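Colleague: Curious how this folds, go ahead:
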Amino acid sequence: MGVCTAIGGIIGALLSLFGLWLANRSQNRRHTAELGIRIALAKFEYDRQLAQQLANMTHKMQETPPFNAFLIDGIRLMDIVSNRRLSPEQMAERIGSLADFTKTFADAITAEFAKQDRQGY
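Modeller: As a prediction, this is how the structure comes out:
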């Protein structure tokens with residue numbers, strides 16, 4: 001009977017540790033996503049301000065990428081930076097490819113929005 005109790009106690013302790021690990025991992029991911037969203041908001045506001053300044057100087061409306069592009073960029077950036085398995089060189093490489101991806105995505109979504117505007121959606 002004592003062996004069964006000990007085994008039950010060990011299993012219970014392992015399950016508790018696993019639960020704590022999952023909760024901590026989930027909290028870290030949520031925090032990383034929140035930071036990505038904050039980065040996206042800051043970059044979006046900065047880009048809008050620059051576009052507004054340029055529009056004021058040139059008297060022409062300036063297009064800015066939609067918030068979606070900034071959001072994806074911010075969240076993916078935080079995923080790269082928070083990945084402890086990446087070396088600094090790998091991080092730099094991934095951040096560089098992220099910039100290319102974000103530009104391609106922003107151009108594509110801006111073109112899609114313009115197409116929808118022309119079609120009257």
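
Colleague: ok, now which ones touch the residue nearest the centre of the chain?
Modeller: In the chain, the residue lying closest to the centroid (CA atoms, centre = their mean) is residue 75, at 0.5 Å. If you count contacts by CB atoms under 8 Å, 6 or more residues apart in numbering, residue 75 has them with 32, 33, 36, 37, 40. The C-beta positions use only the backbone N, C-alpha and C, and glycine is treated the same way.

Colleague: let's go with 6 Å and repeat that
Modeller: By CB atoms under 6 Å, 6 or more residues apart in numbering, the contact list for residue 75 reads 33, 36.

Colleague: What's the separation between it and residue 11?
Modeller: 37 Å (CB to CB, to the nearest Å).

Colleague: go on, residue 74?
Modeller: 41 Å.

Colleague: quick one, which of the two is more surrounded?
Modeller: residue 74 (22 against 10; other CB atoms under 10 Å).

Colleague: you'd agree that one is up against residue 34?
Modeller: No. Look at residue 74 against residue 34 with CB atoms under 6 Å: they stay out of range, at 10.1 Å.

Colleague: residues contacting residue 48?
Modeller: Counting by CB under 6 Å, 6+ apart, residue 48 has contacts residue 64.

Colleague: Give me the mean pLDDT for the helix or strand that it is a member of.
Modeller: Element membership for residue 48 (DSSP states H and E) is helix 2-58. Mean per-residue pLDDT for helix 2-58: 87.

Colleague: Tell me the gap between that helix and the middle of its chain.
Modeller: 10 Å (CA atoms, centre = their mean, to the nearest Å).

Colleague: Need the three-state assignment for residue 103.
Modeller: Of the three states, residue 103 takes helix under DSSP: H, G, I helix; E, B strand; the rest coil.
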